[in-house]
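1. sequence and predicted structure, then a few things I'm wondering about:
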Amino acid sequence: VEVLEEEKAGLAAKALELEDQLADARSFSDMLEAEKEAADDARDEAARRADELTAAKEELAERLHEVDAELSSVRIELKRVVDGEVSQRARADAAEAAAASAKAEAESKLRLAEEGLAGTVAELAGTKAKLAAVEGELSAKAVTLD
């Protein structure tokens, strides 16, 4: 009976040991399950974040395309404006050159006219002197005729 009781006590100790091991195994299993759930949650969060990043990337790509189109439009408008300014500046330069040429021509004609006028004034003075001389002669002849 003692042997049986010893065996019973040994078996009870073994059962307790096995129950402890089973509790440890269940605890380890629960821990692994919790880690698995945490890993699943992290994987789901990473997938959600990847989806958000993909959507943000697509939005940025669309916006980049829009900005590129706007930039292209602005470049075209800027080129048109610059070309217009260059053309306008060229016309202004041409008009300024034409005005300077016309001024130089007018100044030249004015000098010629002034020289001609001076000559005419000199001729007029000479003619006036001759007229005065002729008048003097006529007066002298008129006095002689009287």
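-> Arrived safely.

2. Ser101: neighbour count?
-> Ser101 has 10 neighbours, counted by other CB atoms under 10 Å. The C-beta positions use only the backbone N, C-alpha and C, and glycine is treated the same way.

3. for whichever strand or helix holds it, give the mean pLDDT please.
-> If you go by DSSP states H and E, Ser101 is part of helix 2-145. Averaging pLDDT along helix 2-145 gives 90.

4. and Glu37, how many residues sit next to it?
-> Glu37 has 10 neighbours, counted by other CB under 10 Å.

5. likewise Leu22?
-> Other residues within reach of Leu22, judged by other CB under 10 Å, total 11.

6. separation between it and Leu110?
-> 126 Å (CB to CB, to the nearest Å).

7. how about Ala42?
-> To Leu110, Ala42 is 96 Å away according to CB to CB.

8. neighbours of Ala25, how many?
-> For Ala25, using other CB under 10 Å, the count is 11.

9. likewise for the one 5 residues further on?
-> For Asp30, the count of nearby residues is 10 (other CB under 10 Å).

10. residue contacts, it?
-> If a contact means CB atoms under 8 Å, 6 or more residues apart in numbering, then Asp30 has no contacts.

11. what sits against Leu18?
-> Contacts for Leu18 (CB under 8 Å, 6+ apart) come out as none.

12. mind running it again at 10 Å?
-> With contact taken as CB atoms under 10 Å, 6 or more residues apart in numbering, Leu18 is in contact with 11, 25.

13. cool, the one 10 residues further on as well?
-> With contacts defined as CB under 10 Å, 6+ apart, Phe28 is in contact with no residue.

14. and it, how close does it get to Ser139?
-> Distance of Phe28 to Ser139, given as CB to CB: 157 Å.

15. over to Val74?
-> Val74 sits 92 Å away from Ser139, going by CB to CB.
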